[in-house]
Each structure stands twice: as structure tokens, then as C-alpha cells.
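Novice: Sequence and computational prediction follow.
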Amino acid sequence: MNNTEYSNKVKRLVDDLKGVFASAGLGGEAGEYKLLTQSFLYKFINDKFLYEARKFDPKNGYQTLMKMSDDDYEGLQMDLGNESAVIKREDLIESLFNRQNEDDFCTLFDATLNDIAIDNNDIYSVETAGNTQVRLFDSDLIQDNVIDGSQRNIVARSIINKLSETKFDEHIFDAGFDFFSTIFEYMIKDYNKDGGGKYAEYYTPHSVAKIIANILVGHDKPENVRVYDPAAGSGTLLMTLASKIGTDRATVYSQDISQKSTNLLRMNLILNGLSHSIHNIVQGNTILHNKHTEKMDYIASNPPFKLDFSEWRDEVETLPDYSTRFFAGVPKTPKKQKDKMAIFELFLQHIIYSLSDTGKAAIIVPTIFLTAKTGISSKIRKYLIKNNMVTGTVTMPSNIFATTGTNVSMIFLDKNKNKQSIILIDASQLGKKVKDGKNQKTVLSDEEESKIVNTFLEKKEIDDFSVIVNDDEVKERNSSLLAGQYFKVKIEYSNISEAEFKSQINQLKAEFTKMVNDGQKLDKKISDQLGSISYENKN
């Protein structure tokens, strides 16, 4: 079985679980994504434990584990260490499957997840900005999300049956990031869309994340680095960047105001071998309550572009680090259209502030940021150019994000940059338009992704695609960082004989003379008509 077949196998499990919830009338309900993601996470943790137990000793199948003495089983869990979660034998899926005919099975199911959450609280809990811990599993997952009491046992039994039918074996766990990133994206695609609410979810396409990771890391071999996203969402950028660096060489830090996104991010970390970074996940307002004051080696972020933050806008100016952290200022609160407040300008300044002296960053911004002539955006660009921090920009195709029509670009920073040159890339004409539900999005091919990355890293100039400029050139153009404004205007030349040249000139002269004569005739006609107009008194 190849990776595609394994991927299809796991996707079928996701579809089967969604089918269970739809049959119970939960399709599209607020709690459906919790039921799906937490059930899937239970499956992953269960099978990962069994995988690690077999890797430690091939004889350690389920039956062998059940026959172990309590001391031997506890010793095995100690030997496995952080390679897997702590899980009691009665909490394994097969143990629960064998008890599904018991009365009030939904309560047993909830108690099992509660047990695992408590036993692994030190490893998997997430902190809020207010220092409250958020557990791995809800204490009453079925009870709280299946409102119809008559459906609870049915849903719980259906979940455990679906989880027991599919086995995650060594091939799945050995497949790594590319495999689980695809599964994660498939699993949450219905639950991580921009709903237009006050704190809308933002999802970064995997192709964009790969371009950012490949450009940021380049040919470097970083060791023991901090990787950060102050508006992490479900973590696509962080996972891709950490995977590129090496999960054993990177520690992930994140913050996001959304509880849903933070829970999805935690799941993403677990699936992708980054459980050691879970304690660095914070749920809370990054701008007001920055919980990561350490300076970061790599920052990749797709912050919200516009948001109504008028309720707490004035608080930003009272923060102790305001003058250094928000050097270009805070957007004013408009009288109308408060939802258009440019919050990305705050995140961009925060990212600059959070970089270490050798730090690198990539930020997705609205393309208008690259050319804004006044205001905070202009001040930020001029600061970046003055301090020689910009390595380049990439203007992306329209609809690269299916949930927004805003044209987006990526800006790359390096606080340790030693050259004055900047590469500007216009990738707006790349990609293929495809339908994504009711929306249209642009999809880049592997070749197009490679073209962007290689052009950037190799600093190549390609007609109408990329250009190399220096800081002085950029300053002369009001610090514009849009590639198209620097492309050379082409003049087409063709070789013709002297006779052909004279013939074309004579033809132009004749056409010009005819136009003059026609104009004179028209002038005379208009003049004659004006002269024939007389006043007539009707009284």
C-alpha cells in the first residue's frame, strides 16, 4: 500500500465519522468539529501508543499488553517516555469496543477521554493569556455536543466502531509531515473557513506555506531555533516551517485569540511530532497580552488584515512597550466601517519587534501594503528599508485564498541582512483557477512553486517576473516594494529598408493631411450652421 492508498484509507475514516454525525442530525452544528477532531485525536493517540509499544518490543500487541502485570505495564510506559501519550489499558479503543453494549455507554466514552486528558495534562494542556489551562479533551464530549439524549449512546457506539475498523500502522506513522498535513487539511476543511465574524478564522493554503518555508530556511541548516507565529490559526505555517527545519531542531511558539484555532493547532502539533512545543501554545490577544517576550529566530505569519478592534484600540497606546513595539503607531478608529481597521499593521510591527538580531520573517500582507504612500504602512516600509531588513517580496495570484478576494503578497525580512539588494517577484499571473465549493481559488503547480522559490533564492532576474533593486532605488520610489513598478518598459524594434521607411512616413503624412482636411471641412460646416441660426420671437 502506497502513501496515496494510506491517505485514502484515513480520509475514509474522516468521512465515516462525519457520516455518523450527519445521521444524528449534527452535520453543520457547532459541536460537530469537536466530535470529529477529538475522536480522531483519540484514535491517533491510541494507535501511536500501540505503535511505540510494538517498536519497543514486537511482541507487544493488544493481547500481550492486557496480560501484563500492572508493574510491567507501568514500566513500559516509562520506557516509552515522551514518544507517546500515557494511556491506561482500559482506555484503549479495543477495550472500549469490547464494552460498547453496556448501558449508558456514552458516559463511559466521555469518562475514557476525560481519563486520558487528566493523565496527560502535563504534556498536552494549552495555556490561555489569563493563565488558565485548556485540557486535551472536553470532559463531557458526547453529553455536551449531542443534545438529543436518545442519540448519545448511538453516536458513542458508532464512533468506537469506526475507530476500531481502521488501523494506523507503522507505514502511516513513518509517512511523516506530508502525510499528516494532508489529512489535517482534509479533516478541518469544513470547519476552518472565514465566516466573517469578529474573529474570523484564517487558513493558509499549503502551497503558500511551502513557498514561505523554503524561502525562509533556504540552504541553511538551523539548530535549536525558535519558530513563532503571533496569529497562528490552525498552524499550517508553523507546521510547514518546523518540518522544513526539522522537528527535532525547532521549538514552536504561538498565540491566537481563537479557542477553536488553538485546539486545532494543538492537534496539528501532536500529529506532526511537535508535542514538546504544546506548552508554548497560548490562547489570547497577542497585541494586548503578548505572552512570548523571547526574541524569535524564525517568524511566519498570516495575520488578519482587517478587524474591528475599536473596543481595545486605545489600550494599545498604554502598553509599557508601546513606543518600541509599535513604532509606526496604531490605526485610528473610523466613525464608520470599523471592521475595516488595518490590524495587520499592528501584527507586522509586533513581528519586527519580536525578531532576534539574526532573525528572519515572512508575513502575508495585502498587496496594497507594498505601495501605500502615506500612513502607518508607509512608515513601516520606510523603517524596514532604512534598517536594511527587506530581502524581497512576492506578489501572489488573485484568489490564492479561496475565502477572500483581497490580493495578497509576501514580504521577507532578515535582521542580519548584509547586502543592499532586494528581489521583487510578480507571481500574479501564475496558477490555475479552480472551483472550491461556492468560491473560486487559484492553485499553483509544483513547478510554479519551485519557480518562485528558486528565483528568490538564486536572485534571478526574469523579464516581467522578477527584478533586483537596491535600497536607494526603493527610496526614490517612496519605498514601493511592488515588482511591476520596477520592470523595464520594452520598446519593440524591427529592421526595415530605407525605401520601406520612406513609404511608411509618406503614408503617415497622407493620413495626417487627410485628417487635417477633414477637420477643416468639419470646422467650416459647424461655422456655417452656427451662422445660419437666427433669433425668432414667438410672442
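Specialist: Nice, thanks for sending it over.
Novice: Could you use CA atoms for every contact and neighbour count after this?
Specialist: Noted.
Novice: pLDDT below threshold where in the stretch 251-400 of the chain?
Specialist: For the stretch 251-400 of the chain, no stretch has pLDDT under 70.
Novice: Spell out the residue ranges of the strands in it.
Specialist: 281-283, 296-301, 355-366, 390-395 (DSSP state E, counting those that start in this stretch).
Novice: Residue 216: which of the ones you listed is closest?
Specialist: strand 355-366 (6.8 Å; Cα to Cα).
Novice: Would you mind listing the residues in contact with the closest residue to residue 297 other than its chain neighbours?
Specialist: Nearest-residue entry for residue 297: residue 359, 4.3 Å, with adjacent residues in sequence omitted and distances by Cα to Cα, 6 or more residues apart in numbering. Going by Cα atoms under 8 Å, 6 or more residues apart in numbering, residue 359 touches 296-299, 414-416.
Novice: Identify, by residue count, the longest helix of the chain.
Specialist: helix 498-531 (DSSP state H).
Novice: My read is that residue 392 contacts residue 420, right?
Specialist: No - Residue 392 is beyond contact range of residue 420, at 10.9 Å (criterion: Cα atoms under 8 Å).
Novice: what helix or strand is the residue nearest the centre of the chain on?
Specialist: The centroid of the chain falls nearest to residue 204 when counting by Cα atoms, centre = their mean (2.6 Å). Per DSSP states H and E, residue 204 falls between elements, in no helix or strand.
Novice: and it, what is it in contact with?
Specialist: Residues near residue 204 by Cα under 8 Å, 6+ apart: 236-237, 302, 401.
Novice: ditto for residue 368
Specialist: Contacts here follow Cα under 8 Å, 6+ apart; on that basis residue 368 touches residue 407.
Novice: Okay, residue 20 and residue 188: tell me how far apart.
Specialist: Taking Cα to Cα, to the nearest Å as the measure, residue 20 falls 16 Å from residue 188.
Novice: Which one of those two is surrounded by more residues?
Specialist: The neighbour count for residue 20 versus residue 188, taken as other Cα atoms under 10 Å, is higher for residue 20 (21 against 16).
Novice: Just list the residues touching the more buried one, thanks.
Specialist: 155, 158-159.
Novice: one more time with 10 Å, if that's ok
Specialist: Residues in contact with residue 20, defined by Cα atoms under 10 Å, 6 or more residues apart in numbering, are 14, 26-27, 36, 154-159, 162.
Novice: If we go by neighbour counts, what in the strand or helix carrying it is buried?
Specialist: Using DSSP H and E, residue 20 maps to helix 3-23. The neighbour-count check on helix 3-23 (16 or more other Cα atoms under 10 Å) flags 6-7, 10-11, 13-14, 16-18, 20-21 as buried.
Novice: One more: stretch 332-348?
Specialist: 333, 339, 341-348.
Novice: Output that stretch in PDB with nothing but the alpha carbons.
Specialist: What follows is stretch 332-348, C-alpha atoms only, in PDB (Å, rounded to 0.1, in the frame of the first residue of the first chain):
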ATOM      1  CA  LYS A 332      -7.300  55.400  14.200                       C
ATOM      2  CA  THR A 333     -10.800  54.300  14.900                       C
ATOM      3  CA  PRO A 334     -13.000  55.400  12.000                       C
ATOM      4  CA  LYS A 335     -16.600  56.700  12.500                       C
ATOM      5  CA  LYS A 336     -17.900  54.200  10.000                       C
ATOM      6  CA  GLN A 337     -16.800  50.800   8.800                       C
ATOM      7  CA  LYS A 338     -14.900  49.900  11.900                       C
ATOM      8  CA  ASP A 339     -14.500  46.300  10.600                       C
ATOM      9  CA  LYS A 340     -12.000  47.800   8.100                       C
ATOM     10  CA  MET A 341      -9.400  48.700  10.700                       C
ATOM     11  CA  ALA A 342      -6.000  47.600   9.500                       C
ATOM     12  CA  ILE A 343      -5.000  45.300  12.300                       C
ATOM     13  CA  PHE A 344      -2.300  43.600  10.200                       C
ATOM     14  CA  GLU A 345      -0.200  46.800  10.700                       C
ATOM     15  CA  LEU A 346      -0.100  46.000  14.400                       C
ATOM     16  CA  PHE A 347       0.900  42.400  13.800                       C
ATOM     17  CA  LEU A 348       3.600  43.500  11.400                       C
END
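Novice: mind listing the helices in the stretch 201-350 of the chain by residue range?
Specialist: Taking DSSP state H, counting those that start in this stretch as the test, the helices found in the stretch 201-350 of the chain are 206-217, 236-245, 259-271, 313-316, 322-325, 344-354.
Novice: Export the ones you listed to TSV and append columns for distance to residue 253.
Specialist: Converted to TSV, those look like this (distance: least, Cα to Cα, whole Å):
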stretch	distance to residue 253
helix 206-217	16
helix 236-245	9
helix 259-271	11
helix 313-316	22
helix 322-325	19
helix 344-354	12
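Novice: residues in contact with residue 21?
Specialist: The neighbourhood of residue 21, defined by Cα under 10 Å, 6+ apart, consists of 15, 27-29, 31-33, 35-36, 146, 155, 158-159.
Novice: 8 Å instead?
Specialist: So residue 21 contacts 27, 32, 155 (Cα under 8 Å, 6+ apart).
Novice: Mind giving me the PyMOL command for buried ones among those?
Specialist: To isolate the buried members of the contacts of residue 21 in PyMOL, using 16+ other Cα under 10 Å:
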select buried, resi 32+155
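Novice: Same question for stretch 362-377: list its buried residues.
Specialist: For stretch 362-377, by 16+ other Cα under 10 Å, it's 362-373, 376-377.
Novice: With distance to residue 409 added, can I get these in CSV?
Specialist: CSV is the format used below for those (distance: Cα to Cα, whole Å):
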residue, distance to residue 409
362, 10
363, 8
364, 6
365, 5
366, 6
367, 5
368, 9
369, 9
370, 8
371, 11
372, 13
373, 17
376, 17
377, 14
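Novice: Could I get the phi/psi values of residue 439?
Specialist: phi -100, psi 170 (degrees, to the nearest 10).
Novice: per-residue pLDDT, it?
Specialist: Looking at residue 439, its pLDDT is 71.
Novice: Okay, and the beta partners of it?
Specialist: For residue 439, the beta-bridge partners under DSSP bridges are residue 436.
Novice: How about residue 228?
Specialist: residue 253, residue 299.
Novice: Show the contacting residues for it.
Specialist: Contacts for residue 228 (Cα under 8 Å, 6+ apart) come out as 238, 252-254, 296, 298-300.
Novice: now with 10 Å?
Specialist: Residue 228 neighbours (Cα under 10 Å, 6+ apart): 237-238, 241-242, 251-255, 280-281, 292, 295-301, 351, 354-355, 361.
Novice: One more: residue 500?
Specialist: Contacts here follow Cα under 10 Å, 6+ apart; on that basis residue 500 touches residue 506.
Novice: again, but for residue 300
Specialist: Residue 300 touches 209, 212-213, 216, 227-232, 236-238, 240-241, 351, 360-364, 412, counting by Cα under 10 Å, 6+ apart.
Novice: Before I go, just wanted to say thanks for your time.
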